[in-house]
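Colleague: My questions are about this predicted structure, shown below with the sequence.
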Amino acid sequence: MAERVQVREIDDDEGGRLLRIVRRGTGSVVAWRRAQMVLLSAQKMPVAKIAEVTFTSEDRVRDVIHNFNADGFTSLYPKYAGGRPRTFNLPERREIKKIAKSKPVEHGLPFSTWSLSKLADFLVAEGVVDDISHEGLRVLLRDEGVSFQRIKTWKTSKDPDYQVKKARVEHLYAIADGEVIPEPGEPTVVLCLDEFGPLNLMPHPGRHW
């Protein structure tokens with residue numbers, strides 16, 4: 001039976017600091033994921049459940065909690081080794097390529113596309129590699145036939161209720177345009193305020209792996 005692991009007692013200041021890291025969702029992906037695991041453990045969530053909701057392994061969760069208990073916030077941030085870039089074996093290269101071609105949201109991450117820095121952080125956070133430089137990652141992906149593509153895409157929302165709200169707005173537009181008859185209790189007059197217009201819905205060039 002696996003050892004039961006739980007984070008040490010977290011005081012209010014530490015809890016607030018962890019929440020800020022998680023809520024901002026910017027900067028290091030490594031710090032964001034590790035802070036999320038520590039917070040969930042502080043809320044008495046078992047390791048197996050933390051692994052499930054953070055899309056990682058139970059061993060990885062245990063490592064993060066052990067490291068935080070020993071070294072505190074220092075353990076949340078990646079430490080990249082300098083010097084000559086290391087080489088990666090075939091299984092590592094295949095896993096790196098597989099993750100690079102996946103979407104961040106498939107791993108529970110709060111952004112829609114990879115950048116070199118975010119991908120490198122995630123590979124370290126997941127234990128795929130101990131460390132990897134951005135240039136080393138770029139070269140590896142190029143050798144594996146994965147290139148940085150220029151794309152056009154629609155902006156997306158992180159709001160979990162986005163589709164419901166969008167459907168409601170579209171229904172109100174349909175009422176305003178006379179395309180549907182309002183149901184009892186629905187408005188017969190619809191006012192649209194503070195709208196910038198269609199420009200914010202246009203696709204804009206970006207970059208994507």
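Modeller: Yep, that arrived.
Colleague: mean confidence score for the helix or strand harbouring residue 169?
Modeller: Per DSSP states H and E, residue 169 falls inside helix 162-176. For helix 162-176, mean pLDDT is 78.
Colleague: CA atoms only for that helix, dumped as PDB, please.
Modeller: The C-alpha coordinates for helix 162-176 follow below in PDB (Å, rounded to 0.1, in the frame of the first residue of the first chain):
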ATOM      1  CA  TYR A 162     -19.200  30.300 -21.600                       C
ATOM      2  CA  GLN A 163     -21.300  28.100 -23.800                       C
ATOM      3  CA  VAL A 164     -24.400  28.600 -21.700                       C
ATOM      4  CA  LYS A 165     -23.900  32.400 -21.600                       C
ATOM      5  CA  LYS A 166     -23.200  32.500 -25.300                       C
ATOM      6  CA  ALA A 167     -26.400  30.600 -26.200                       C
ATOM      7  CA  ARG A 168     -28.300  33.000 -24.000                       C
ATOM      8  CA  VAL A 169     -26.900  36.100 -25.800                       C
ATOM      9  CA  GLU A 170     -27.600  34.500 -29.200                       C
ATOM     10  CA  HIS A 171     -31.200  33.800 -28.100                       C
ATOM     11  CA  LEU A 172     -31.700  37.400 -27.100                       C
ATOM     12  CA  TYR A 173     -30.200  38.600 -30.400                       C
ATOM     13  CA  ALA A 174     -32.700  36.300 -32.200                       C
ATOM     14  CA  ILE A 175     -35.600  37.900 -30.200                       C
ATOM     15  CA  ALA A 176     -34.300  41.300 -31.100                       C
END
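Colleague: Setting aside sequence neighbours, what's the nearest residue to the most centrally placed residue in the chain?
Modeller: For the chain, residue 109 is the residue whose C-alpha lies nearest the centre (Cα atoms, centre = their mean; 1.5 Å). Distances taken as Cβ to Cβ, 6 or more residues apart in numbering put residue 29 closest to residue 109, at 6.6 Å, once the chain neighbours are dropped. Quick note: C-beta positions are derived from backbone N, CA and C, even for glycine.
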